[in-house]
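In: Predicted model and sequence below, questions to follow.
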Amino acid sequence: MTEPIVVGVDASAPSRAAAEWAAGDARLRGLPLRVVHIDGADPAGGVAAALLSLASRAGCTVLGLRGEDGVPGPGVGSVAHEVAARSDLPVVLVPGGGHGRRGGEWRTSQVVLGVDARDPVSAVVDFAFDAARRRGARLHAVHAWRLPARAERWMPYALPEEDRGAWEDQEVQLLSDALRPWREKYPQVHVYEDVRLQSPSAALVQASASAELLVVGRAGRTLGTTVRDVLEHTECPVAVVPR
């Protein structure tokens, strides 16, 4: 049997947004949708354990991220981070309360991928390309970088533009090389390669403002600082994909 899309629901705004997103994703993938009610009276480890058990047999798990005022909703919201951190399969966290929505619909036509051009993770990149293909959307690949340590010798003076440009050109080439195998695998996906001199979390949050889905990777059994920052401020649903 084809693995279903599992969505955990309760009475909160992010839960309703998650259910809507999951239904649309199930249609795109041609997968069954399994809706699971989360009892808000038991928001601790029991709920997370139950969801993780379901997630182990799901094509993807979808949960609400936060309420209308930015505060996590009851039940689902209190365990969403834990499930995303521990699941062996992708988890999509959907903000509620109108964040990133226009007229009740998520912005469309762009999927954002957060990628480290020096260490692209196959599972993460493939998930993003496949999501863009299914949606007929552009893939916006964001690689954030920082100046090398030797640039500090210019401080407090301005960094020569030719040096900065040379370093940036190197990052651009790294990103192009990293994505080449997936460009060949998904020739129908239009890719916008975006190299930004800023922190990864800031770059991804900015990109989320014009996206219908943001895809990030997770190492180990923790979300990490960057992913947590993204989840705190994202303007669109975030797919957390384990390495």
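Out: In hand now; what should we look at? Numbers count the residues shown, from 1 in each chain.
In: rest of the way, CA atoms for contacts and neighbours
Out: Fine.
In: Buried residues of the lengthiest helix in the chain, list them for me.
Out: Taking residue count as the measure and DSSP state H as the definition, the longest helix of the chain comes out as helix 161-185. Buried residues in helix 161-185, counting neighbours by 16 or more other C-alpha atoms under 10 Å, are found at 168, 171-172, 174-176, 178-179, 182.
In: mind showing which ranges of the protein have poor pLDDT?
Out: The model of the chain has pLDDT under 70 over residues 1, 39-43, 66-77, 97-108, 149-160, 163-164.
In: could you pull out the helices for it?
Out: So, for the chain - with DSSP H - the helices run 13-29, 45-55, 76-86, 122-135, 161-185, 200-208, 224-233.
In: so which of those comes closest to residue 193?
Out: Taking C-alpha to C-alpha as the criterion, residue 193 comes closest to helix 161-185 out of those, the separation being 7.2 Å.
In: what residues does the closest one touch?
Out: Defining contact as C-alpha atoms under 8 Å, 6 or more residues apart in numbering, one finds that helix 161-185 is touched by 116-118, 120, 125-126, 129, 143, 145, 147, 189, 191, 193-195.
In: Residue 29 against residue 134, yeah?
Out: Yes - under the criterion of C-alpha atoms under 8 Å, residue 29 is in contact with residue 134, at a separation of 7.4 Å.
In: domain ranges for this protein?
Out: Using automatic domain parsing, the domains assigned to the chain come out as 1-99, 105-216.
In: rewinding a little: of all pairs in the contacts of helix 161-185, which one is the farthest apart?
Out: Based on C-alpha to C-alpha, the longest span within the contacts of helix 161-185 runs between 147 and 189 and measures 30.7 Å.
In: The two: which is more packed in?
Out: Higher neighbour count among residue 147 and residue 189: residue 189, with 21 against 13, using other C-alpha atoms under 10 Å.
In: Could you find the closest non-adjacent residue to the more buried one?
Out: Excluding the flanking residues, the one nearest residue 189 by C-alpha to C-alpha, 6 or more residues apart in numbering is residue 133, at 5.8 Å.
In: Surely that neighbour and residue 187 touch.
Out: No - if you go by C-alpha under 8 Å, residue 133 and residue 187 don't touch, sitting 9.4 Å apart.
In: Of those two, which one has the most company?
Out: Per other C-alpha under 10 Å, whichever of residue 133 and residue 187 has more neighbours is residue 133, with 18 against 10.
In: wait, what's in contact with the more buried one?
Out: 186, 188-189.
In: now with 10 Å?
Out: With contacts defined as C-alpha atoms under 10 Å, 6 or more residues apart in numbering, the neighbours of residue 133 are 111, 127, 139, 186-190.
In: Out of those residues, which is nearest to residue 229?
Out: residue 111 (18.7 Å).
In: Next, work out how far apart the closest one and residue 189 are.
Out: 11 Å (C-alpha to C-alpha, to the nearest Å).
In: same thing with residue 55?
Out: The separation that residue 55 has from residue 189, given C-alpha to C-alpha, amounts to 28 Å.
In: go on, residue 13?
Out: Relative to residue 189, residue 13 is positioned 33 Å away (C-alpha to C-alpha).
In: same thing with residue 218?
Out: Applying C-alpha to C-alpha, one obtains 24 Å for the distance of residue 218 from residue 189.
In: Enumerate the positions of stretch 22-33 that are buried.
Out: If you call a residue buried by 16+ other C-alpha under 10 Å, then stretch 22-33 has these buried ones: 22-23, 25-26, 31-33.
In: got it, and stretch 190-200?
Out: Going by neighbour count (16+ other C-alpha under 10 Å), the buried part of stretch 190-200 is 190-191, 193-196, 200.
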